[in-house]
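[1] predicted structure and sequence below. I'll ask about it afterward.
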Amino acid sequence: MIPTSVPFERFAQLFEVAKRAIPTDPNAVQLATVDARGRPSLRTVLMKDFDERGWVFYSNKNSRKGRELAAQPFAALNFYWPELAAQVRIEGTIQDVPEAEADAYFASRPRESQLGAWASRQSEILTDRSLLEARLLEATTKFEGLPVARPPHWGGWRLHPDRVEFWKAHPHRLHWREVYTRNPDGGWALTLLNP
């Protein structure tokens, strides 16, 4: 049995290399969700934290991704770093980040991003850009001289993994694929896959 920390340690080591090699958003990750009919949806989010509990990202809970995660609490992440010829695929269950953790992260964001979270009705149709700008002005006025509180519709999720695949390019498309699968006891089993 593989110790519980191994896939996370491997990711941490690879992510340190990615941060040195990729100057802008090495934490960008593709997030896949499904709707009630099982139709997939994919977008890029920014991973903001990870540890042995899983990978964390934040957004508007009323967005399409938020609604899909609320209805189907399963998701997949894919980090692809062409500069490293590597990717990491992660699948698992979704859990809400605790309120205190979401508050702390929100407080660390730039003020303009905090105000933008109040102004944006993410994923809804916007008939006129001036409506968004008006909501931004309203939020700016509301919080003038005050800390910006986290909106009730904004928060985070943690993807708790049950499968983590490390992929590394090799010549002749004979890529190296290692998959860690979580056992019922919390440990991991390691298998290799054909490319």
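    Now that the structure is in, tell me what you want to look at.

[2] and the strands in the protein?
    All strands of the chain, identified by DSSP state E, fall at 28-34, 40-46, 49-51, 54-60, 74-81, 86-96, 154-168, 176-182, 188-193.

[3] export these as a markdown table, with columns for distance to residue 110 and mean pLDDT.
    The way it works is simple: take the backbone N, C-alpha and C, and place the C-beta from them, glycine included. Output for the strands of the chain, formatted as a markdown table (distance: least, CB to CB, whole Å; pLDDT from 0 to 100):
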| stretch | distance to residue 110 | mean pLDDT |
| --- | --- | --- |
| strand 28-34 | 18 | 98 |
| strand 40-46 | 13 | 97 |
| strand 49-51 | 17 | 96 |
| strand 54-60 | 14 | 97 |
| strand 74-81 | 24 | 98 |
| strand 86-96 | 24 | 98 |
| strand 154-168 | 14 | 98 |
| strand 176-182 | 36 | 96 |
| strand 188-193 | 37 | 95 |
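
[4] list the contacts of the residue nearest the centre of the chain.
    A centroid search over the chain (CA atoms, centre = their mean) returns residue 57, at 3.7 Å, as the residue closest to the centre. Residues near residue 57 by CB atoms under 8 Å, 6 or more residues apart in numbering: 29, 31, 45, 46, 47, 48, 156, 157, 159.
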